[in-house]
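Student: how would this look folded up:
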Amino acid sequence: MRTKSSITLIFLALCLSACSQPLAPEGFTPLFNGENLEGWFGHGTEDPRMLWNMTASELEAHMEQTREDVRAHWSVKNGELVNDGEGLYLTTNKNYGDFELTLEYKTVPGADSGIYLRGVPQVQIWDTTEEGGKWDLGADKGSGGLWNNSAGAPGKDPSKLMDKPFGEWNSFRILMTGDKVTVHFNGEKVVDEAVMENYFDRSIPIFEEGPIQLQTHGGEIRWRNVLIREIPRG
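Tutor: Okay, the predicted model is just below:
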């Protein structure tokens, strides 16, 4: 017969196991399960059409090969995605059309990152300090802008600098419908329905669907609570 104390220990173990999983609001699905790298492969700043031109078997072989690089540079610690500042970008196996994406990140001095939407760069993440050395590129204006839009285009720069100090978690809520993107950063709307240009061919609109990518280089970055809500098209 199980004692009261053993039943309590079992209950606590089950609770801790459940609590390690991200809690998704209604309608949202976790892209990161809090335990491992399932659901992701590796990709860089490359036209996603190269992936779509592969046969199913070629694509699967390519994904598996890139996961070797992912395992070398990405890990899961305390329920957080951790990248060492090198390697391929974490890329969803699945392609997405219209969606609402929420996530949190924190980074270190000198790091540079971003969030690729439908495989296209990017919602920018900066080291916004002068010591970071990228004020000439717009880092002084803050993170959250569509940095790869053309100079002077709406949304290229965020409307307000909202970055938190190093070591604190920053939060994004990104809404993408059609070719327009709205970005809320740490509770402030910093991009309002700006057209996201197709970095790989500016003569055509951004792709109708594609993967989500977490870009990083130059220093450690951590991610958590990476959730997506797909929006049906009428």
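Student: all helices for this structure, in order.
Tutor: For the chain, the helices defined by DSSP state H occupy 4-19, 49-52, 56-73.
Student: same for the last one, what does it pack against?
Tutor: So that's helix 56-73. strand 40-43 (3 or more CB pairs under 8 Å, 6 or more residues apart in numbering; DSSP states H and E). All C-beta atoms are positioned from the backbone trio N, CA, C, and that covers glycine.
Student: would you single out the least confident of the helices of the chain?
Tutor: Note on the helices of the chain: lowest mean pLDDT is at helix 4-19, with a mean of 42.
Student: can you give me the strands for the protein?
Tutor: For the chain, applying DSSP state E gives strands covering 29-30, 40-43, 74-77, 80-83, 89-92, 99-107, 112-117, 120-125, 170-177, 180-185, 188-195, 213-217, 221-230.
Student: report the buried residues of stretch 44-63.
Tutor: Within stretch 44-63, the residues that count as buried by 16 or more other CB atoms under 10 Å are 45, 48, 51, 62-63.
Student: from those residues, which is closest to residue 196?
Tutor: Nearest to residue 196 among those is residue 48, at 13.9 Å by CB to CB.
Student: got the confidence number for the closest one?
Tutor: At residue 48, pLDDT is 97.
Student: tell me how far it lies from residue 147.
Tutor: Going from residue 48 to residue 147 by CB to CB, to the nearest Å gives 18 Å.
Student: try residue 75
Tutor: 27 Å.
Student: can you give me the pLDDT of residue 233?
Tutor: Here, the pLDDT recorded for residue 233 equals 89.
Student: surely it and residue 99 touch.
Tutor: No - counting by CB atoms under 8 Å, residue 233 stays clear of residue 99, with 10.9 Å between them.
Student: have a look at the two and say which one is more surrounded.
Tutor: Neighbour count, other CB atoms under 10 Å: between residue 233 and residue 99, residue 99 has more, with 19 against 9.
Student: specify the beta-bridge partners of that one.
Tutor: residue 176, residue 230 (DSSP bridges).
Student: need the helix or strand of the protein with the lowest average pLDDT.
Tutor: One helix or strand of the chain scores below all others by mean pLDDT, DSSP states H and E: helix 4-19, with a mean of 42.
Student: what about residue 144, neighbour count?
Tutor: As a burial measure, residue 144 scores 30 neighbours (other CB under 10 Å).
Student: circling back to that earlier point, farthest pair in the buried residues of stretch 44-63?
Tutor: The span of the buried residues of stretch 44-63, defined through CB to CB, is set by 45 and 63 at 17.3 Å.
Student: excluding covalently adjacent residues, which one is nearest to residue 199?
Tutor: Spatial nearest neighbour of residue 199, excluding adjacent residues (CB to CB, 6 or more residues apart in numbering): residue 148 at 4.7 Å.
Student: residue contacts, the one you found?
Tutor: Residue 148 sits next to 120-122, 197, 199 when contact means CB atoms under 8 Å, 6 or more residues apart in numbering.
Student: these into a markdown table, with extra columns for pLDDT, distance to residue 79 and neighbour count?
Tutor: Output for these, formatted as a markdown table (pLDDT from 0 to 100; distance: CB to CB, whole Å; neighbours: other CB atoms under 10 Å):
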| residue | pLDDT | distance to residue 79 | neighbour count |
| --- | --- | --- | --- |
| 120 | 98 | 29 | 21 |
| 121 | 98 | 27 | 19 |
| 122 | 97 | 25 | 21 |
| 197 | 98 | 35 | 20 |
| 199 | 98 | 32 | 18 |
